[in-house]
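Student: would you be able to build a 3D model of this:
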Amino acid sequence: MAKAIHSMIRVLDEERSVEFYSQAFGLEVADRLDFDSFTLIYLSNSEDDFELELTVNKGQTEPYDLGNGYGHLAVSVDDLDSEHQRIKALNLNPRDIVEFERDGALLAKFFFIKDPDGYDIEVLQRHGRFK
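Tutor: Reported below is the predicted structural model:
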């Protein structure tokens with residue numbers, strides 16, 4: 001059976017992106033591989049083996065076109081309200097918390113935040129299927 005191990009996104013500024021993911025989600029650099037035309041930075045934390053791979057293409061100066069095919073990354077937290085306040089205090093501009101119901105029961109409680117390159121990240125309260 002396949003095991004998800006990482007997701008990759010392209011970023012313009014390594015330092016800015018590493019700082020954002022560290023502040024917002026406690027992700028730290030697990031590995032950094034530098035090549036002639038690009039650098040790969042793998043971010044992770046103790047919550048999971050899954051990693052976020054940041055690709056920095058050397059010489060890229062214009063923001064990447066995210067197009068209309070990209071959806072979002074998602075992370076889950078134990079206390080959504082506290083995380084929302086913490087991220088807000090860091091001036092990372094989270095959107096408002098949303099409670100999504102189905103058949104009168106809470107399905108998901110979440111908010112979205114954008115990283116420095118415009119990627120959407122959904123932050124979900126651990127509940128139900130979102131563990």
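Student: going on from the one helix or strand Lys88 maps to, what's the next piece of helix or strand?
Tutor: Element membership for Lys88 (DSSP states H and E) is helix 80-89. Next helix or strand after helix 80-89 toward the C-terminus (DSSP H and E): strand 98-102.
Student: what lines up beside that next one in the sheet?
Tutor: Using DSSP bridges, the strands paired with strand 98-102 are strand 105-114 (antiparallel).
Student: mind listing what's buried along the strand it pairs with?
Tutor: Under the neighbour-count criterion of 16 or more other Cβ atoms under 10 Å, strand 105-114 has 108-111, 113 buried. Every residue, glycine included, has its C-beta placed from N, CA and C.
Student: between helix 80-89 and it, find me the angle.
Tutor: For strand 105-114 against helix 80-89, the angle by axes from the mean of the first three to the mean of the last three Cα atoms, to 10 degrees is 10 degrees.
Student: returning to that earlier point: so for the helix holding Lys88, what gets flagged as buried?
Tutor: Residues 80, 83-84, 87 are the ones in helix 80-89 that count as buried (16+ other Cβ under 10 Å).
Student: may I see those residues organised as JSON lines, with pLDDT added?
Tutor: Formatted as JSON lines, those follow (pLDDT from 0 to 100):
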{"residue": "Leu80", "pLDDT": "95"}
{"residue": "Glu83", "pLDDT": "94"}
{"residue": "His84", "pLDDT": "97"}
{"residue": "Ile87", "pLDDT": "96"}
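Student: okay, now Asn45: neighbour count?
Tutor: Each residue near Asn45 was counted by other Cβ atoms under 10 Å, and the total is 16.
Student: how much space between the residue lying closest to it once chain neighbours are set aside and Gly71?
Tutor: Excluding its sequence neighbours, the residue lying closest to Asn45 (Cβ to Cβ, 6 or more residues apart in numbering) is Gly26, at 4.8 Å. As judged by Cβ to Cβ, to the nearest Å, Gly26 and Gly71 stand 23 Å apart.
Student: so these two - more neighbours on which side?
Tutor: Gly26 (14 against 9).
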